[in-house]
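Colleague: Would you be able to build a 3D model of this:
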Amino acid sequence: MKKGLQKLIVVLGPTASGKTDLVIRLAKKFNGEIVSADSRQIYKEMDIGTAKPSEKEMVKIPHYLIGFINPNQKFSVAIYKKLALKALKKIENQGKIPFLVGGTGLYIQSVVDNIEFPRVPAQNKLRKKLERKSEKELFRIYKQLDPKGARFIDKKNKRRLIRAIEVCTITKKSFWTQREKGKPLFAVLIIGVKLSKKELEKRIKKRVEKMIKSGLEKEMKRLVKKYGWKISPLQTIGYKEWKDYFDKKIGAESVEEKIRLHTIQFSKRQMTWFKRDKRIKWINNYKKAEKLIKKFLFNKNFSAKFHS
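Modeller: From the prediction side, this is the model:
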């Protein structure tokens, strides 16, 4: 472990794996505060479909970077990194232990590996043209421009595909290779929550049912009325599935089933991303996580071996 670096505990895992409950419990135990690394929970008004922590939970333990921008505002991983580092510094200055938690791999990596992203301004004309294309079409374009990056990018993430094509088009270079690692900013312990396929799918089903009962349809109607269908956040799981329902092409049960299926598929893509990182310490219960953190914080001989 690097001497003199601030200690950071990362808790990651696929959607519905129980990260939120786990990290709140751990933050209570170790006098910590939480920085979210979720690319959808950043938005205001999108509460049910993104499974945000409740107000009650966020009162117990301070949370950062949840619900702070409007769904129609532009945002990027570079902006996220800047805000996350500011929040982590604030937590450190308060003498608390910072926890970074989420399922957005690129957000987590931007902080943990101090990634520097290519500084290419938005190309509005190109973006408008790309917005009209499907995810499959965008992935095909990106694969031609950056074959190496195409092996790693989330091919279902329209916004990220558009940004990658934009950077490749302007710089004439691979988007993936332009993301350079800087000097480590933290001594990091990365804990991954891993459940059996059966248990995770059970949790996903339960979560989707809860979202529907909690008023996801009303939330969606309100968002569409205010912002329209075309904004990027509404093209994500839990929201995009309602379009055919509102157009009277499918019933409510079909919406629920689609959300469940798409969430399962997304959880698999998340795990594919995470499995590439050999630094992650995988656990399946609170006790194992607590044991790892105690060693990390209090045992001088414990090496997380998270920076080369």
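Colleague: list the contacts for residue 48?
Modeller: 211, 214, 215, 216, 219, 238 (Cβ atoms under 8 Å, 6 or more residues apart in numbering). Every residue, glycine included, has its C-beta placed from N, CA and C.
Colleague: try 7 Å
Modeller: 211, 214, 215, 216, 219 (Cβ atoms under 7 Å, 6 or more residues apart in numbering).
Colleague: That one sits in which helix or strand?
Modeller: Residue 48 belongs to no helix or strand when elements are defined using DSSP states H and E.
Colleague: Next up, phi/psi of residue 7, please.
Modeller: phi -90, psi 140 (degrees, to the nearest 10).
Colleague: do the one 10 residues further on as well
Modeller: Geometry field for residue 17 lists phi and psi as phi -80, psi -10, criterion degrees, to the nearest 10.
Colleague: rewinding a little: of the contacts of residue 48, which is the nearest to residue 250?
Modeller: Closest approach to residue 250 among these (Cβ to Cβ): residue 216, at 15.1 Å.
Colleague: these two touch, right, that closest one and residue 50?
Modeller: No: using Cβ atoms under 7 Å, residue 216 is not in contact with residue 50; the gap is 10.3 Å.
Colleague: The contacts of residue 48 into CSV, with extra columns for pLDDT, neighbour count and secondary structure?
Modeller: As requested, these are exported to CSV (pLDDT from 0 to 100; neighbours: other Cβ atoms under 10 Å; DSSP: H, G, I helix; E, B strand; the rest coil):
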residue, pLDDT, neighbour count, secondary structure
211, 97, 21, helix
214, 97, 14, coil
215, 97, 13, coil
216, 98, 22, helix
219, 98, 20, helix
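Colleague: Any chance of the residues you listed in CSV with distance to residue 131 as columns?
Modeller: Putting these into CSV (distance: Cβ to Cβ, whole Å) gives the following:
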residue, distance to residue 131
211, 27
214, 30
215, 29
216, 25
219, 23
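Colleague: between the residues you listed, which is closest to residue 166?
Modeller: When the contacts of residue 48 are compared against residue 166 (criterion: Cβ to Cβ), the nearest one is residue 219, at 30.4 Å.
Colleague: Quick check: phi and psi at the closest residue to that closest one other than its chain neighbours.
Modeller: Excluding the flanking residues, the one nearest residue 219 by Cβ to Cβ, 6 or more residues apart in numbering is residue 48, at 4.9 Å. Its backbone dihedrals place residue 48 at phi -70, psi -50, with angles given as degrees, to the nearest 10.
Colleague: Would you state the strands of this protein in chain order?
Modeller: In order along the chain, the chain carries the following strands (DSSP state E): 6-12, 32-36, 63-64, 97-102, 115-116, 180-181, 186-193, 281-283.
Colleague: any idea which of the ones you listed scores lowest on pLDDT?
Modeller: Note on the strands of the chain: strand 180-181 shows the lowest mean pLDDT, a mean of 80.
Colleague: List the contacts of that strand.
Modeller: 113, 114, 115, 116.
Colleague: May I ask you to confirm that the third one is in contact with residue 106?
Modeller: It refers to residue 115. No: between residue 115 and residue 106 there is no contact under Cβ under 7 Å: 8.2 Å.
Colleague: Just want to know which of these two has more residues nearby.
Modeller: residue 106 (20 against 16; other Cβ atoms under 10 Å).
Colleague: The more buried one reaches residue 77, doesn't it?
Modeller: Yes: Residue 106 lies in contact with residue 77 (Cβ under 7 Å); the separation is 5.4 Å.
Colleague: list the contacts for residue 63?
Modeller: With Cβ under 7 Å, 6+ apart, residue 63 has these contacts: 34, 36, 53.
Colleague: Would you mind splitting this structure into its domains for me?
Modeller: 6-117+179-298, 119-178 (automatic domain parsing).
Colleague: hmm, back to that, for residue 276, state which of the contacts of residue 48 is nearest.
Modeller: residue 211 (29.6 Å).
Colleague: For residue 6, see how far away residue 97 is.
Modeller: Distance from residue 97 to residue 6, counting by Cβ to Cβ, to the nearest Å: 10 Å.
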